[in-house]
Structures are given as C-alpha cells and as structure tokens.
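A.B. asks: Mind folding the following:
(chains A and B)
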Amino acid sequence: MCSGRVSPHFILKAFQEGADGVFVAGCHIGSCHYGKGNYITAKRVAVIKDLLGFIGISPKRLRLEWIATSESNKFANAVSDFTREITQLGPSSLRKASPERKAGKTMEPIASQP
Amino acid sequence: MEKTREKMVRLLEERAVFGILGLRLSSGHPIPYLFDNPVSLKDWVVDETNRYPLTKILVQISKKHPNEVIGIVVRGCEERSLIELFKNHQLDSEKVKPIGIVCSEALGKRCRCDRPYPSQAEEGEMAKPTEDLSDIAEVESLPEEERFQYWMKKFGMCIKCYGCRNVCPACFCPTCTLEDPSLIKPGGMPPEIPLFHLHKAFHMADRCIDCGLCEAVCPMGIPVRKLYRKVRKSVKDLFHYIPGEDKDLKGPLEFLGDGTYELPETGR
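C.D. replies: Residues are numbered from 1 along each chain as shown, chains lettered A, B, ... in the order given. Below you'll find the model as predicted:
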C-alpha cells in the first residue's frame, strides 16, 4: 500500500487502540511508485508528530522511514531499531491510562529472538 | 459605524446585493439577520460580545440562492473564514460581497488575534495585532506525563455535543470523521479520548483561521482552541503556510505537493 494511503486517522487510531509505537515506511522521495504519494506522507507525519508531542505522547513513538522494496536489510534494521527505542520508552501513556485495552502488547525486539 | 451603514444602504438601494447578512438588534439581543431592504438597516448593530458563525450561515443562504450576490459584514477572522470557504468551494467569491469592520483594541487583545481587522473597512482604526502564543508555551512547558494528564482531564469532560465542529467555519464536509463508526466508536461518553479531539485537530491544521468560536461554544470549557492554535503554528513553522491568508494558495495537507512546499525532515 502506498504510504500516501496511510491516513492520519489510521495512525491516531493505532495509538488509541494501545499501540506503543507506529512505524510508517514508504518509498524514497523521488522514487514514488505513483509519482508523489510520499510527499503527503512526509507532511502528515510531521504534523502528527507535533500534535502527539503537544498532548503528551512522545513524537518518538511515530517514525517515518523511506525504504525501497529492495532494501530488505534497511527495513529489518529500521524495525529492530524502532522496536528497541519503543521498548526503552515503555508502554505509552495512553495504554497506561486504560490497562484493560486488549491491543498493544509490547513486542520483543527482533534482535533478542533466536 | 455610520459610514458602514451608509455603504450598506447604498448597496441595497442599488440592488448590488440581494441582501446583507449581519447582526440585528431584536428584543435587546443581537442575532444574525439577512437585511433585504435599506429601511431595515436601522436595526443593524455591531456587537463585540455575542459571536455567531456568520460565514457558516452564509453558506446555507447561498445554497438556497446560488445565483444571488449576498453581502456579509465581516471582521478579520470572518474574512479569513470566507477565504477558506472560497478555497474549499463552499462559497463562490463572485457571489459574496464582504463589508469589513475593524475590531476594537480591547477585542483584539481579548481574542489574542494576530489580525483583528479585514483587508478593507469603511471606517475605524486597525487595532494592533496580538502575537501571543503564551497559551501554547504554557502547555509545552509541562513535562510530558503532566501534559498528557492535563489533556486527558480536559478531553474527559467532553459530552460529544459536536458544538466545536458545528460552529467551525472550516468544518463543512457532508460526512464527518467524527461520526465515522470505523474511526470513532459510536455511543459512549466521553468519546474515545484523545482520539476524538486529535482527529479534529489534524483536520484543523491547514484550515484553522483561529477565530476561537470552538472554544467559545464549548459547554464544558475544553481549551480546544489551544490545540488548533498549536497545529496551525506547526503548519506555519513547517510549511510557511497560514490558513485564511491567500485564496489562491492551497493548504499543504490538501494535496500531494509540487515541490513549492518544502518537505519536512523525516525520520526521528
């Protein structure tokens, strides 16, 4: 799915459902499959980060990376790195606010798996 | 405001407009009214305490009378909202005749308005703009966890009356995210917080003209304007775009981009 299709509402909804972090990956700027789909992604994510920070959810919990389909190593590294960072940050305040929330189990970092 | 009244009388006499939307004193209360003859204008008033979403009412009237030119008395904020409505094809700029009035210094200060005057006015002095973002800075100075608690406490008071949306001149969609069951669980009070308010805040980012009607209308006193002022500032800082300024410039979040808007830095 084009990263431009990732509606800001999906990202916000994920946090509401208890996600500790949201990772958005898209094609590099300039090599969008559809021309300019990722332009809007870049703009949206920047605004959402500001908004999250303002209401007290660390903007670090939302990450945008440009990863081409051929860059499997970059993808794996980026996800591991992000998972590590989120593990360090701990559960999001939103999840702490309502612990009965079903979704949002903290994932183990990929690196620690056998 | 006699010069303005004279101008309005002239417009109606010359039949340059079908009617003029403004406030009329009725049993001591100023209420929105479409003045359609010069005589009725004797009851026209300017009021600095009672506010109405006049431009939103204009959208309704012009839907009924799409071929008529309608006048409207506008303050700075209302003129900005007109620009957003033109831009988003809710009003036809050729069918609207704005009649500007300036705000008093006191009102400008009270609203913390950065442009308390329209582009044109018949009379009066332009009040000094107030560049006061202390309300945002105050929240930002709190540690993250306290900030979160602050907002959750405020949002938790929401009775989901949709007042902030209904009064907002930038909210005109026939279907609304806030009523989409796949995004916001129907029923329940308060609504899903902070999601409910964040959905609206994101939409406000490149549309909010900072009129403050949302906060004025909120029965629970939730400081929603603060939230929208923040995203408005983000868009200004990130894309150098100010909603309500230029009717030929699109909001950066409304379209993919053509390179004229700087792309923000990505990653962390």
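A.B. asks: Contact partners for whatever residue of the stretch 101-250 of chain B ends up closest to chain A?
C.D. replies: Closest residue of the stretch 101-250 of chain B to chain A, CB to the nearest CB: residue B:148 (2.8 Å). For every residue, glycine as well, the C-beta is placed using N, CA and C. Residues touching residue B:148, when contacts are defined by CB atoms under 8 Å, 6 or more residues apart in numbering or on different chains, comprise A:55-57, A:93-94, A:97.
A.B. asks: you'd agree it is in a strand?
C.D. replies: No: the assignment for residue B:148 is helix, going by DSSP: H, G, I helix; E, B strand; the rest coil, so no strand is present there.
A.B. asks: So it versus residue A:12, what's the distance?
C.D. replies: Look at residue B:148 and residue A:12: by CB to CB, to the nearest Å, they are 15 Å apart.
A.B. asks: now residue B:28
C.D. replies: Between residue B:28 and residue A:12 the distance, using CB to CB, works out to 45 Å.
A.B. asks: Near chain B, which residues of chain A are found?
C.D. replies: For chain A, the residues in contact with chain B (CB under 8 Å from any CB of the partner chain) are A:4, A:8-9, A:12-13, A:15-16, A:29, A:35-37, A:39-40, A:42-48, A:50-51, A:54-58, A:60, A:63-66, A:93-94, A:97.
A.B. asks: Could you pull out the strands in the stretch 1-150 of chain B for me?
C.D. replies: For the stretch 1-150 of chain B, strands defined by DSSP state E, counting those that start in this stretch occupy the ranges B:19-26, B:29-35, B:44-45, B:70-74, B:96-100.
A.B. asks: Sorry, wrong one. I was asking about chain A.
C.D. replies: Along chain A, counting by DSSP state E, strands occupy A:22-26, A:62-66.
A.B. asks: Quickly compare the ones you listed and say which is most buried.
C.D. replies: Each of these was given a mean neighbour count from mean count of other CB atoms under 10 Å in any protein chain shown, and the largest, a mean of 23, is that of strand A:62-66.
A.B. asks: And for residue A:39, nearest residue in space, chain neighbours not counted?
C.D. replies: Distances taken as CB to CB, 6 or more residues apart in numbering or on different chains place residue B:257 nearest to residue A:39, at 3.6 Å, with adjacent residues excluded.
A.B. asks: List the contacts of residue B:133.
C.D. replies: Going by CB under 8 Å, 6+ apart, the list of residues near residue B:133 reads B:229, B:233.
A.B. asks: List buried residues within the residues of chain A next to chain B.
C.D. replies: When these are checked for burial by 16 or more other CB atoms under 10 Å in any protein chain shown, the buried set is A:4, A:8-9, A:12-13, A:15-16, A:36-37, A:39-40, A:42-48, A:50-51, A:54-58, A:60, A:63-66, A:93-94, A:97.
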